[in-house]
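[1] got a sequence here, can you model it:
(2 chains)
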Amino acid sequence: DAKTTQPNSMESNEEEPVHLPCNHSTISGTDYIHWYRQLPSQGPEYVIHGLTSNVNNRMASLAIAEDRKSSTLILHRATLRDAAVYYCILSAYGGSQGNLIFGKGTKLSVKP
Amino acid sequence: DSGVTQTPKHLITATGQRVTLRCSPRSGDLSVYWYQQSLDQGLQFLIQYYNGEERAKGNILERFSAQQFPDLHSELNLSSLELGDSALYFCASSVDRGGHGNTQYFGPGTRLTVL
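    Residues are numbered from 1 along each chain as shown, chains lettered A, B, ... in the order given. As a prediction, the model looks like this:
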(Lines give C-alpha, C1' and ligand atoms only; values in the text may rest on other atoms or scores of the structure.)
Protein backbone atom coordinates (compact mmCIF):
# COMPACT_ATOMS: atom_id res chain seq x y z
CA ASP A 1 0.00 0.00 0.00
CA ALA A 2 1.18 3.48 -0.83
CA LYS A 3 2.23 5.45 2.23
CA THR A 4 1.46 8.97 3.34
CA THR A 5 3.57 11.45 5.28
CA GLN A 6 2.03 14.09 7.52
CA PRO A 7 3.45 16.51 10.10
CA ASN A 8 3.04 15.22 13.64
CA SER A 9 1.31 18.35 14.88
CA MET A 10 0.04 21.75 13.82
CA GLU A 11 -1.43 24.74 15.59
CA SER A 12 -4.05 27.13 14.44
CA ASN A 13 -5.98 30.10 15.78
CA GLU A 14 -9.73 29.98 15.99
CA GLU A 15 -11.56 31.53 13.02
CA GLU A 16 -8.48 31.25 10.78
CA PRO A 17 -7.98 28.88 7.85
CA VAL A 18 -5.91 25.76 8.36
CA HIS A 19 -3.95 23.93 5.67
CA LEU A 20 -3.03 20.37 6.59
CA PRO A 21 -0.48 18.86 4.18
CA CYS A 22 -0.02 15.26 3.14
CA ASN A 23 2.68 13.78 0.94
CA HIS A 24 2.03 10.59 -0.99
CA SER A 25 4.80 10.39 -3.57
CA THR A 26 4.20 6.68 -4.35
CA ILE A 27 0.48 7.10 -5.06
CA SER A 28 -0.82 4.97 -7.91
CA GLY A 29 -3.25 6.08 -10.57
CA THR A 30 -6.17 4.32 -8.93
CA ASP A 31 -5.58 5.46 -5.36
CA TYR A 32 -8.18 7.70 -3.80
CA ILE A 33 -7.06 10.23 -1.19
CA HIS A 34 -9.19 10.13 1.95
CA TRP A 35 -9.16 12.31 5.03
CA TYR A 36 -10.58 11.22 8.33
CA ARG A 37 -10.33 12.91 11.70
CA GLN A 38 -10.60 11.66 15.23
CA LEU A 39 -11.82 13.96 17.94
CA PRO A 40 -10.77 13.17 21.50
CA SER A 41 -12.52 10.10 22.90
CA GLN A 42 -14.43 9.46 19.68
CA GLY A 43 -14.22 7.16 16.69
CA PRO A 44 -12.70 8.39 13.44
CA GLU A 45 -14.97 10.53 11.30
CA TYR A 46 -14.96 10.84 7.51
CA VAL A 47 -14.01 14.31 6.29
CA ILE A 48 -13.53 14.24 2.53
CA HIS A 49 -12.03 12.24 -0.32
CA GLY A 50 -10.95 12.78 -3.91
CA LEU A 51 -9.13 11.26 -6.86
CA THR A 52 -7.74 13.98 -9.13
CA SER A 53 -9.83 17.13 -8.91
CA ASN A 54 -10.17 19.43 -5.95
CA VAL A 55 -13.21 18.67 -3.81
CA ASN A 56 -15.37 20.72 -1.50
CA ASN A 57 -17.96 19.71 1.04
CA ARG A 58 -19.57 21.28 4.06
CA MET A 59 -16.69 20.31 6.31
CA ALA A 60 -13.60 21.09 4.28
CA SER A 61 -11.87 21.38 0.92
CA LEU A 62 -9.33 19.01 -0.56
CA ALA A 63 -6.69 20.41 -2.86
CA ILE A 64 -4.82 17.77 -4.88
CA ALA A 65 -1.55 18.57 -6.62
CA GLU A 66 -1.48 18.13 -10.36
CA ASP A 67 0.99 15.21 -10.10
CA ARG A 68 -1.10 13.80 -7.21
CA LYS A 69 2.00 13.34 -5.07
CA SER A 70 0.65 15.63 -2.40
CA SER A 71 -2.63 17.01 -1.15
CA THR A 72 -3.85 19.59 1.33
CA LEU A 73 -6.90 19.49 3.55
CA ILE A 74 -8.26 22.98 4.05
CA LEU A 75 -10.47 23.96 6.97
CA HIS A 76 -11.73 27.38 6.01
CA ARG A 77 -12.40 28.72 9.51
CA ALA A 78 -11.06 26.61 12.33
CA THR A 79 -13.22 26.22 15.41
CA LEU A 80 -12.31 24.73 18.76
CA ARG A 81 -14.32 21.68 17.74
CA ASP A 82 -11.89 21.04 14.89
CA ALA A 83 -9.11 20.12 17.34
CA ALA A 84 -8.47 16.50 16.43
CA VAL A 85 -6.03 14.10 14.83
CA TYR A 86 -6.34 14.27 11.04
CA TYR A 87 -5.45 11.21 8.98
CA CYS A 88 -4.59 11.22 5.29
CA ILE A 89 -5.18 7.76 3.80
CA LEU A 90 -4.91 6.22 0.36
CA SER A 91 -7.25 3.50 -0.84
CA ALA A 92 -7.28 1.76 -4.18
CA TYR A 93 -10.25 1.91 -6.51
CA GLY A 94 -11.63 -1.56 -6.97
CA GLY A 95 -9.08 -2.89 -4.53
CA SER A 96 -9.71 -6.29 -3.05
CA GLN A 97 -9.62 -4.88 0.45
CA GLY A 98 -11.63 -2.01 1.77
CA ASN A 99 -9.84 -1.46 5.02
CA LEU A 100 -8.22 1.86 5.84
CA ILE A 101 -4.56 1.97 6.82
CA PHE A 102 -4.10 4.70 9.39
CA GLY A 103 -0.76 6.36 9.99
CA LYS A 104 -0.01 8.59 12.96
CA GLY A 105 -1.84 11.57 11.48
CA THR A 106 -1.49 15.26 12.33
CA LYS A 107 -2.67 16.45 15.70
CA LEU A 108 -4.31 19.83 15.18
CA SER A 109 -4.57 22.20 18.12
CA VAL A 110 -6.86 25.22 17.85
CA LYS A 111 -6.23 28.20 20.08
CA PRO A 112 -9.06 30.55 21.06
CA ASP B 1 -24.01 10.32 15.35
CA SER B 2 -22.61 8.03 12.63
CA GLY B 3 -25.45 5.51 12.84
CA VAL B 4 -23.07 2.74 13.90
CA THR B 5 -23.68 1.42 17.40
CA GLN B 6 -21.32 -0.54 19.59
CA THR B 7 -21.91 -2.27 22.89
CA PRO B 8 -20.75 -2.24 25.55
CA LYS B 9 -19.04 1.14 25.87
CA HIS B 10 -16.68 -0.08 28.55
CA LEU B 11 -15.57 -3.55 29.52
CA ILE B 12 -13.28 -4.49 32.38
CA THR B 13 -12.17 -8.07 32.69
CA ALA B 14 -9.30 -10.23 33.87
CA THR B 15 -6.50 -11.95 32.03
CA GLY B 16 -7.46 -15.29 30.54
CA GLN B 17 -11.11 -14.36 30.14
CA ARG B 18 -13.22 -14.16 26.99
CA VAL B 19 -15.38 -11.22 25.90
CA THR B 20 -17.70 -10.41 23.03
CA LEU B 21 -18.01 -6.97 21.48
CA ARG B 22 -21.07 -6.17 19.41
CA CYS B 23 -21.55 -3.82 16.47
CA SER B 24 -24.62 -2.78 14.52
CA PRO B 25 -23.82 -1.14 11.19
CA ARG B 26 -25.66 1.76 9.63
CA SER B 27 -28.91 0.81 7.98
CA GLY B 28 -28.16 -0.46 4.47
CA ASP B 29 -24.43 -0.95 4.98
CA LEU B 30 -23.21 -4.42 4.07
CA SER B 31 -19.57 -4.19 5.18
CA VAL B 32 -18.39 -4.21 8.75
CA TYR B 33 -14.80 -3.55 9.77
CA TRP B 34 -13.11 -3.98 13.14
CA TYR B 35 -10.17 -1.86 14.22
CA GLN B 36 -8.07 -1.84 17.38
CA GLN B 37 -6.55 1.34 18.76
CA SER B 38 -3.86 1.15 21.39
CA LEU B 39 -1.48 3.85 22.56
CA ASP B 40 1.61 2.23 21.07
CA GLN B 41 0.16 0.76 17.85
CA GLY B 42 -2.33 3.40 16.76
CA LEU B 43 -5.36 2.36 14.71
CA GLN B 44 -4.92 -1.14 13.31
CA PHE B 45 -7.30 -2.96 11.00
CA LEU B 46 -8.37 -6.36 12.30
CA ILE B 47 -10.96 -7.86 9.98
CA GLN B 48 -13.70 -7.06 7.47
CA TYR B 49 -16.97 -8.81 6.74
CA TYR B 50 -19.15 -8.18 3.73
CA ASN B 51 -22.71 -9.47 3.72
CA GLY B 52 -21.90 -12.27 6.11
CA GLU B 53 -18.64 -13.40 4.52
CA GLU B 54 -15.13 -12.67 5.69
CA ARG B 55 -13.59 -10.30 3.14
CA ALA B 56 -10.22 -9.22 4.45
CA LYS B 57 -7.97 -9.92 7.39
CA GLY B 58 -5.46 -7.63 8.97
CA ASN B 59 -3.39 -7.93 12.11
CA ILE B 60 -5.89 -10.09 13.94
CA LEU B 61 -4.56 -12.52 16.52
CA GLU B 62 -5.62 -16.15 16.43
CA ARG B 63 -7.21 -15.66 19.84
CA PHE B 64 -9.61 -13.19 18.22
CA SER B 65 -12.45 -14.08 15.91
CA ALA B 66 -15.42 -12.34 14.40
CA GLN B 67 -18.60 -13.06 12.54
CA GLN B 68 -21.37 -11.18 10.78
CA PHE B 69 -24.90 -12.40 11.22
CA PRO B 70 -27.79 -12.46 8.70
CA ASP B 71 -29.14 -9.21 10.14
CA LEU B 72 -25.66 -7.75 9.39
CA HIS B 73 -24.66 -7.04 12.96
CA SER B 74 -21.22 -8.26 13.87
CA GLU B 75 -19.50 -9.62 16.94
CA LEU B 76 -15.81 -9.63 17.77
CA ASN B 77 -14.79 -12.37 20.17
CA LEU B 78 -11.58 -11.96 22.16
CA SER B 79 -10.37 -14.94 24.17
CA SER B 80 -7.48 -15.81 26.50
CA LEU B 81 -7.17 -12.12 27.13
CA GLU B 82 -3.80 -10.60 27.94
CA LEU B 83 -2.90 -7.25 29.44
CA GLY B 84 -1.77 -6.08 26.01
CA ASP B 85 -5.26 -6.53 24.60
CA SER B 86 -6.40 -3.48 26.55
CA ALA B 87 -7.40 -1.00 23.87
CA LEU B 88 -10.23 0.79 22.14
CA TYR B 89 -12.04 -1.40 19.64
CA PHE B 90 -13.86 0.37 16.85
CA CYS B 91 -16.36 -0.97 14.43
CA ALA B 92 -16.99 0.76 11.11
CA SER B 93 -19.42 0.11 8.31
CA SER B 94 -19.67 0.97 4.64
CA VAL B 95 -22.22 0.34 1.97
CA ASP B 96 -20.01 -1.70 -0.34
CA ARG B 97 -17.13 -4.15 -0.35
CA GLY B 98 -14.34 -1.64 -0.42
CA GLY B 99 -12.06 0.30 -2.69
CA HIS B 100 -13.34 3.32 -4.60
CA GLY B 101 -14.73 6.01 -2.35
CA ASN B 102 -15.47 3.47 0.36
CA THR B 103 -16.49 5.96 3.02
CA GLN B 104 -16.47 4.24 6.37
CA TYR B 105 -18.60 5.28 9.31
CA PHE B 106 -17.17 4.52 12.72
CA GLY B 107 -18.93 3.69 15.93
CA PRO B 108 -18.06 5.23 19.29
CA GLY B 109 -15.90 2.28 20.27
CA THR B 110 -15.66 -0.18 23.14
CA ARG B 111 -12.93 0.45 25.68
CA LEU B 112 -11.56 -2.86 26.90
CA THR B 113 -9.46 -2.97 30.04
CA VAL B 114 -7.78 -6.24 30.96
CA LEU B 115 -6.55 -6.41 34.55
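[2] what parts of chain B come near chain A?
    Contact residues, chain B versus chain A (C-beta under 8 Å from any C-beta of the partner chain): B:2, B:4, B:31, B:33, B:35, B:42-45, B:48, B:50, B:55-56, B:58, B:90, B:92, B:94, B:96-109. Using the backbone N, CA and C atoms, a C-beta is placed for each residue, glycine as well.
[3] what residue lies at the spatial centre of chain A?
    Chain A has A:W35 as the residue nearest its centroid, 3.3 Å off, counting by C-alpha atoms, centre = their mean.
[4] can you tell me the element that residue falls in?
    Per DSSP states H and E: A:W35 is located in strand A:31-38.
[5] direction included, what does that strand pair up with?
    strand A:45-50 (antiparallel), strand A:84-92 (antiparallel) (DSSP bridges).
[6] buried deepest among those, which one?
    Highest mean neighbour count among the strands paired with strand A:31-38 (mean count of other C-beta atoms under 10 Å in any protein chain shown): strand A:84-92, with a mean of 23.
[7] ok, now how distant is the residue nearest to the spatial centre of chain B from B:Q6?
    Chain B has B:W34 as the residue nearest its centroid, 2.9 Å off, counting by C-alpha atoms, centre = their mean. Per C-beta to C-beta, to the nearest Å, B:W34 is found 10 Å from B:Q6.
[8] ok, A:A78 next?
    29 Å.
[9] repeat for A:L100
    For A:L100, the distance to B:Q6 (C-beta to C-beta) stands at 17 Å.
[10] the closest residue to A:R68 other than its chain neighbours: neighbour count?
    Spatial nearest neighbour of A:R68, excluding adjacent residues (C-beta to C-beta, 6 or more residues apart in numbering or on different chains): A:I27 at 5.3 Å. By the criterion of other C-beta atoms under 10 Å in any protein chain shown, A:I27 has 21 neighbours.
[11] how about the contacts made by A:I27?
    Shown in contact with A:I27 (C-beta atoms under 8 Å, 6 or more residues apart in numbering or on different chains): A:2, A:33, A:68-69, A:90.
[12] make CSV from those residues and add pLDDT to it.
    Converted to CSV, the contacts of A:I27 look like this (pLDDT from 0 to 100):
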residue, pLDDT
A:A2, 61
A:I33, 91
A:R68, 94
A:K69, 95
A:L90, 86
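[13] show me which of these are buried.
    Neighbour counting by 16 or more other C-beta atoms under 10 Å in any protein chain shown classes A:33, A:68, A:90 among the contacts of A:I27 as buried.
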